[in-house]
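Trainee: Pasting the sequence and the predicted model now:
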Amino acid sequence: MGSLTSEERASGWRSLFDGATTAGWRGYKRSDVPDGWRVVDGALTRVGRGGDLITNDQFGNFDLSLEWKVQPGGNSGVFYRVTEEGEQTYFTGPEMQVLDDAGHADGKSRLTSAGANYGLHAAPAGVVRPAGEWNQARILANGAHVEHWLNGTKVVEYELWSPDWEKRVRESKFAAWPRYGRAQRGHIAIQDHGDTVAFRNIKIKVLP
């Protein structure tokens with residue numbers, strides 16, 4: 001599931017997951033991949049306690065595309081521009097929420113539902129697919145401009161460091177972490193939130 005088409009390669013896409021190994025990833029603040037993450041049926045899967053995974057490489061401006069599938073009631077997330085200065089990935093990296101909206105309490109608020117910029121920017125209802133089905137997600141981060149796409153629909157759009165963003169951060173739990181959302185480049189991270197979640201077809205195009 002890590003293959004790219006020749007057209008994708010020619011236009012600058014690269015795979016972040018080869019579909020067979022955990023090459024290119026490591027545990028947050030670790031040099032190895034924790035046992036809780038395995039490749040199962042061609043997908044990078046959280047099978048037990050392992051903490052968050054991050055890419056070895058760091059990215060500034062990019063277009064990230066991936067598919068995710070979560071267990072009933074499951075919760076996870078995809079983070080970007082994560083640095084290892086914080087205790088957790090979410091101390092620095094904004095998060096695109098990965099969730100079974102129908103089966104998890106976070107689905108009751110659009111601010112914490114699937115596709116949302118967690119806790120800050122709401123995603124519309126009715127876009128996410130049911131637990132156990134694959135969802136197609138995309139994060140575009142170009143300078144301050146960020147877009148979240150879910151199953152072909154743009155669900156979130158915002159400008160980092162804008163007055164609106166600063167106000168939202170001040171009024172959220174992220175106010176406690178001064179490095180939140182400040183880095184202009186960092187790691188892509190996927191979250192161990194205690195539930196089974198799988199990721200595949202993870203690819204990125206670096207933007208100038």
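Mentor: In hand now; what should we look at?
Trainee: mind listing what's buried in stretch 188-196?
Mentor: Using 16 or more other C-beta atoms under 10 Å as the test for burial, stretch 188-196 gives Ile188, Ala189, Ile190, Gln191, Asp192, His193, Asp195, Thr196. Just so you know, the C-beta spots here come from the backbone N, C-alpha and C atoms, and that holds for glycine as well.
Trainee: Return the set of residues that bridge with the most centrally placed residue in the chain.
Mentor: Nearest to the mean C-alpha position of the chain, by C-alpha atoms, centre = their mean, lies Val78 at 1.3 Å. With DSSP bridges as the criterion, Val78 is bridged to Met96, Ile190.
Trainee: measure it to Asp18 for me?
Mentor: Going from Val78 to Asp18 by C-beta to C-beta, to the nearest Å gives 18 Å.
Trainee: mind checking pLDDT for Pro94?
Mentor: Looking at Pro94, its pLDDT is 98.
Trainee: What strands flank the helix or strand where Asn201 lies, and is each parallel or antiparallel?
Mentor: For Asn201, the enclosing helix or strand under DSSP states H and E is strand 197-206. Applying DSSP bridges, strand 197-206 is found paired with strand 13-15 (antiparallel), strand 43-46 (antiparallel), strand 62-70 (antiparallel).
Trainee: Can you tell me who Asn117 pairs with across the strands?
Mentor: Met96, His121.
Trainee: That one and Gly42, how far apart?
Mentor: To Gly42, Asn117 is 29 Å away according to C-beta to C-beta.
Trainee: that older thread, output the buried residues of stretch 188-196 as TSV; include the columns distance to Glu87 and pLDDT.
Mentor: Conversion of the buried residues of stretch 188-196 to TSV gives the following (distance: C-beta to C-beta, whole Å; pLDDT from 0 to 100):
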residue	distance to Glu87	pLDDT
Ile188	19	98
Ala189	13	98
Ile190	18	98
Gln191	14	98
Asp192	15	98
His193	16	97
Asp195	21	97
Thr196	24	97
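Trainee: Let me have the residues you listed in a markdown table, extended by distance to Glu133.
Mentor: Formatted as a markdown table, those follow (distance: C-beta to C-beta, whole Å):
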| residue | distance to Glu133 |
| --- | --- |
| Ile188 | 23 |
| Ala189 | 23 |
| Ile190 | 18 |
| Gln191 | 19 |
| Asp192 | 21 |
| His193 | 19 |
| Asp195 | 15 |
| Thr196 | 14 |
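Trainee: which one of those sits closest to Gly74?
Mentor: Gly74 lies nearest to Asp195 out of the buried residues of stretch 188-196, by C-beta to C-beta, at 3.7 Å.
Trainee: can I assume the closest one is in contact with Trp68?
Mentor: No. Assessed by C-beta atoms under 8 Å, Asp195 is found out of contact with Trp68, at 11.7 Å.
Trainee: Touching both of those two, which residues are there?
Mentor: Ser76 (C-beta atoms under 8 Å, 6 or more residues apart in numbering).
Trainee: ok, back up a step: adding distance to Val155, mean neighbour count and mean pLDDT, write the strands paired with strand 197-206 out as JSON lines.
Mentor: Shown next, in JSON lines, are those (distance: least, C-beta to C-beta, whole Å; neighbours: other C-beta atoms under 10 Å; pLDDT from 0 to 100):
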{"stretch": "strand 13-15", "distance to Val155": "22", "mean neighbour count": "16", "mean pLDDT": "97"}
{"stretch": "strand 43-46", "distance to Val155": "23", "mean neighbour count": "24", "mean pLDDT": "98"}
{"stretch": "strand 62-70", "distance to Val155": "14", "mean neighbour count": "22", "mean pLDDT": "98"}
